[in-house]
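*Asks:* What shape does this take:
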Amino acid sequence: MAQRDYYETLGLKKGATPDEIKKAYRKLAIKHHPDKNPGNKEAEERFKEINEAYAVLSDPEKRGQYDQFGATGFHQRYSQEDIFRGFNVDDLFKDTGFDAGDIFSRIFGGFQGQGGYGGFRGGRRKGEDLSMELHVSFREAFTGCERRVAFMRGNRREELSVKVPAGVETGARLRIQGKGGAGAGGGPAGDLYLEVKVGSDPLFAREGDDLIVERQVSFTEASLGTSLEVPTLDGNRRIKVPAGIQPGTKIRLKGFGFPHLGGTGRGDCYVRVGVQVPEQLTGEQRRLLEELAKKGL
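*Replies:* Predicted coordinates for the structure are as follows:
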């Protein structure tokens, strides 16, 4: 099921200020609070959605990740526990007219810790989360791939197939729900987190979803202009190098970068042009350059 946009959940636009986010949350929290809507399951679900949206958008780091990677990419990095970690219930509800009390432990099944979310109360405890590294090549990160992963769960070896989304980068966390340690007291199993490590490429450097490729031209080509055949991850492309190009100038190939993780479109590929200065000159080359120097070049 598609994840609802957090801004939409609070009735806001993406560029909303922290104060606008807080005001929208309070208004909706009061309207859909379970104490005001006893027995209303729809209101309770909306209340959960509202709190999850606020837990993300009120935290600068989480909001930044959400804005950058979108809903899909964000939820590959953050579990439900991560989302609510540090969520201060008392502070958020002190002006709403309701006593927070144990409302969150009631509607979220006991998922509440000191000062907000972050752990479990009572005998039901979620199992330990497991983590391991998942290495993929540069090209696999570009196209996406499916990998077979083996891991130890307790004393038992397990295997599963994992889909690695196109556009993934080093540091991304792929969450496999329920594949961690066993829960206690009837609590749910933990999750398995795969920490993605993307290999390097001999031709391309990656900056976010953009690619950088280096190419050299001669002094005369830089002065007079030329054309170059350059590599991209979609095959070679020919570009024009304008006359008078300066060393380090980047020429943009729009849409030839990495796919945007969890979104549409792609980054760009930039050809960074260097000017190759010959280490040795023939007698004729030196004579010609000296003539050019006399003319002010």
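*Asks:* Could you list which residues are in contact with Leu261?
*Replies:* 69-70, 72-73, 76, 165-169, 172, 209 (CB atoms under 8 Å, 6 or more residues apart in numbering). The C-beta positions use only the backbone N, C-alpha and C, and glycine is treated the same way.
*Asks:* Those residues in strands, which ones?
*Replies:* Among the contacts of Leu261, DSSP state E puts none in strands.
*Asks:* State the mean pLDDT of the strand or helix carrying Ala141.
*Replies:* Assigned by DSSP states H and E, Ala141 falls within helix 138-143. In this model, helix 138-143 has a mean pLDDT of 96.
*Asks:* ok, residues contacting it?
*Replies:* By CB under 8 Å, 6+ apart, helix 138-143 touches 164, 166-169, 196, 198-201, 204, 206, 233, 258-259.
*Asks:* Which single one of these is nearest to Leu130?
*Replies:* Val196 (15.3 Å; CB to CB).
*Asks:* just checking, the closest one is part of a strand?
*Replies:* Yes: counting by DSSP: H, G, I helix; E, B strand; the rest coil, Val196 is located in a strand.
*Asks:* ok, and the closest non-adjacent residue to it?
*Replies:* Spatial nearest neighbour of Val196, excluding adjacent residues (CB to CB, 6 or more residues apart in numbering): Ala172 at 4.4 Å.
*Asks:* burial of the nearest residue to Cys145 once chain neighbours are set aside, as a residue count?
*Replies:* In this structure, Cys145 finds its nearest non-sequential neighbour in Val164, 5.0 Å apart by CB to CB, 6+ apart. Around Val164 there are 20 other residues, counting by other CB atoms under 10 Å.
*Asks:* contacting residues for Val164?
*Replies:* So Val164 contacts 134, 136, 140-141, 144-147, 174, 196 (CB under 8 Å, 6+ apart).
*Asks:* which among those residues gets closest to Lys254?
*Replies:* Nearest to Lys254 among the contacts of Val164, counting by CB to CB, is Ala141 at 20.5 Å.
*Asks:* From Ile21, how far out is that closest one?
*Replies:* Note on Ala141: its distance to Ile21, by CB to CB, to the nearest Å, is 33 Å.
*Asks:* So if I had to pick from the two, which one is more boxed in?
*Replies:* Set Ala141 next to Ile21 and count neighbours by other CB under 10 Å: Ala141 wins out with 26 against 20.
*Asks:* can you tell me how far that one sits from Ile50?
*Replies:* The value you get for Ala141 to Ile50, if CB to CB is used, is 35 Å.
*Asks:* which residue ranges form the strands in this protein?
*Replies:* Going by DSSP E, the chain shows strands at 130-136, 145-153, 156-164, 173-176, 192-198, 204-207, 210-218, 226-230, 237-241, 250-253, 269-276.
*Asks:* The residue nearest in space to the middle of the chain: what's it in contact with?
*Replies:* The chain has Phe69 as the residue nearest its centroid, 3.9 Å off, counting by CA atoms, centre = their mean. Phe69 sits next to 76-77, 261-263 when contact means CB under 8 Å, 6+ apart.
*Asks:* ok, of those, which come out buried?
*Replies:* 76-77, 261-262 (16 or more other CB atoms under 10 Å).
*Asks:* among these, which are in helices?
*Replies:* Among these, DSSP state H puts 76-77 in helices.
*Asks:* which among the buried ones among the contacts of Phe69 gets closest to Glu214?
*Replies:* The closest of those, once distances to Glu214 are taken by CB to CB, is Leu261, at 25.3 Å.
*Asks:* Quickly list what Arg156 is bridged to.
*Replies:* Note on Arg156: beta-bridge partners by DSSP bridges are Arg153.
*Asks:* Please disregard the earlier target; I meant Val217.
*Replies:* Val275.
*Asks:* hang on, it packs against Val271?
*Replies:* No: look at Val217 against Val271 with CB atoms under 8 Å: they stay out of range, at 10.5 Å.
*Asks:* any residues in contact with both of the two?
*Replies:* Leu228.
*Asks:* Flag the shaky bits of the chain, pLDDT-wise.
*Replies:* 1-3, 86-124 (pLDDT under 70).
*Asks:* Do a quick rundown of the helices in it.
*Replies:* Under DSSP H, the chain gives helices at 6-9, 18-32, 41-57, 60-77, 80-84, 89-93, 103-107, 138-143, 219-224, 283-294.
*Asks:* what's the closest of these to Arg237?
*Replies:* Distance to Arg237, taken as CB to CB, is lowest for helix 138-143 among those, at 15.9 Å.
*Asks:* How far off centre is the closest one?
*Replies:* Relative to its chain's centre, helix 138-143 lies at 15 Å (CA atoms, centre = their mean, to the nearest Å).
*Asks:* which of the residues in it are buried?
*Replies:* Across helix 138-143, burial judged by 16+ other CB under 10 Å covers 138, 140-142.
*Asks:* Noted, bye for now.
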